[in-house]
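Colleague: Turn this into a structure:
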Amino acid sequence: MCEAFLGAGITPIYGTFPELWTITQGLFDYVIGGRIDVRDFIAQMNEIGEDVGPDSAVSFQGTLLEPVQQNARSAAVLQ
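Modeller: Numbers count the residues shown, from 1 in each chain. Predicted structure coming up:
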């Protein structure tokens, strides 16, 4: 869909990265918050503690990989 908008000369997603306050409450937060239960993720990470790693039930590498990749794809079509 973004490609169709871009082809029509329309910016499909407006990013506000130049405004510092919006970086912490922007595209990444929306992508992550819409894809995983953030509270549950943090609680599980805390339970695992120092033993967390790529093979854990939850991890930054495993749990956040897809959402971060989606974020990168979305960021590619920002103004």
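
Colleague: going forward, measure contacts and count neighbours with C-alpha atoms only.
Modeller: Fine.

Colleague: neighbours around residue 27, how many?
Modeller: A count of nearby residues for residue 27, using other CA atoms under 10 Å, gives 20.

Colleague: Ok, residue 30 next?
Modeller: Per other CA under 10 Å, the neighbour tally for residue 30 reads 12.

Colleague: pLDDT below threshold where in the protein?
Modeller: For the chain, residues meeting the criterion pLDDT under 70 lie at 14-26, 78-79.

Colleague: Could I get the full set of helices for it?
Modeller: Secondary structure of the chain (DSSP state H): helices at 2-7, 20-23, 27-35, 38-48, 60-63, 65-75.

Colleague: How about residue 44: what's its closest non-neighbour residue?
Modeller: Counting by CA to CA, 6 or more residues apart in numbering, residue 44 lies nearest to residue 58, which is 6.8 Å off, once chain neighbours are set aside.

Colleague: wait, what's in contact with the one you found?
Modeller: Applying CA atoms under 8 Å, 6 or more residues apart in numbering, we find residue 58 in contact with 41, 44-45, 52.

Colleague: Also residue 43?
Modeller: Contacts of residue 43 by CA under 8 Å, 6+ apart: none found.

Colleague: roughly how far apart are it and residue 62?
Modeller: Distance of residue 43 to residue 62, given as CA to CA, to the nearest Å: 16 Å.

Colleague: What degree of burial does residue 67 show, as a neighbour count?
Modeller: Other residues close to residue 67 by other CA under 10 Å number 19.
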